[in-house]
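>>> build me a structure from this.
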Amino acid sequence: MNTPNKITVARIAVTPLIAWLIYQEGLVERWAAFIVFVVAAVSDVVDGSLARDKGEVTRFGQLLDPIADKMLVLVTIIPLFGLGLVPLWLVILILTREVIITVFRAYNFREGHVIAATRWGKSKALSQNWFVGSLLVLRINHMYTESRGFSGVAWSQWQAFTRGVVEVSLWIVVGLTLLSMVDYLVRHRQLSVGREA
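Below you'll find the predicted structure:
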């Protein structure tokens, strides 16, 4: 197993820890959830760059990397929904998209085609990571306000900025989730036509 694939496997392995940390109430755990999540999200960029730069792009990596992306998002979105920070309709949208694309990938893999992540898919993953990271920062803010008594104009502005980032990134996530799904379905249709021809 090459280095990029090892990084991908490590990203998958750490996702349960992130989910557990999100459910913890302490300030240290909230910071840990944010830091571990950021490291995991950055590793997605690192393993892809290493694979391309070293010429180590493999079928295994092309198949595993999108799975790691999906796991990272789902094991954070679902706990955040459980804490009341993510609306149910967004969870349903993301889950529906991932189920459709997973079935699409599995079908094409059975037909001998490994469908690597596209530019739209990567943009979708980036927007989801940004959204989740913003929510984790928002939880840290709440803890500083509630338990440490942080206040003042500067602190209020920082909180308002964080909430604004969350709201804007939410709608970017919606747009890219839908757009990337349509992109994959169009590609699926083209592959189907090619096989029929």
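
>>> gap between the residue positioned nearest the centre of the chain and Q159?
Nearest to the geometric centre of the chain sits V73, at 3.5 Å (CA atoms, centre = their mean). Counting by CB to CB, to the nearest Å, the gap from V73 to Q159 is 25 Å. Yep, even glycine has a C-beta here, placed from its N, CA and C like the rest.

>>> ok, and what's touching whichever strand or helix holds F104?
For F104, the host element (DSSP states H and E) is helix 88-110. Identification of contacts with helix 88-110 by CB atoms under 8 Å, 6 or more residues apart in numbering yields 63, 66, 70, 73-74, 77-78, 81, 114-115, 121, 128, 170, 173-174, 177-178, 180-181, 184-185, 188, 191.

>>> the lengthiest helix in the chain versus helix 88-110: what angle between them?
Counting residues, the longest helix in the chain under DSSP state H turns out to be helix 153-196. Interaxial angle of helix 153-196 relative to helix 88-110 (axes from the mean of the first three to the mean of the last three CA atoms, to 10 degrees): 30 degrees.

>>> so what's I140 up against?
Taking CB under 8 Å, 6+ apart as the criterion, I140 is in contact with 27, 30-31, 34.

>>> farthest pair within those residues?
L27 and F34 (10.9 Å; CB to CB).

>>> just the buried residues of the contacts of I140.
Among the contacts of I140, those buried by neighbour count (16 or more other CB atoms under 10 Å) are 30-31, 34.

>>> make CSV from these and add distance to W155 to it.
Formatted as CSV, these follow (distance: CB to CB, whole Å):
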residue, distance to W155
R30, 17
W31, 17
F34, 18
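
>>> tell me which entries of those lie within helices.
The helices, defined by DSSP H, take in 30-31, 34 from these.

>>> where does this structure have low pLDDT?
56, 108-109, 111-117, 188-197 (pLDDT under 70).

>>> picking that back up, for the longest helix of the chain, which helices and strands make contact with it?
In terms of contacts (3 or more CB pairs under 8 Å, 6 or more residues apart in numbering; DSSP states H and E), helix 153-196 is packed against helix 88-110, helix 119-148.

>>> angle of it against helix 119-148?
Going by the same axes, to 10 degrees, helix 153-196 makes 150 degrees with helix 119-148.

>>> buried ones in stretch 119-131?
120-131.

>>> ok, back up a step: okay but the residue nearest to the centre of the chain is in contact with K124, surely?
No. Taking CB atoms under 8 Å as the definition, V73 is not a contact partner of K124, at 9.1 Å.
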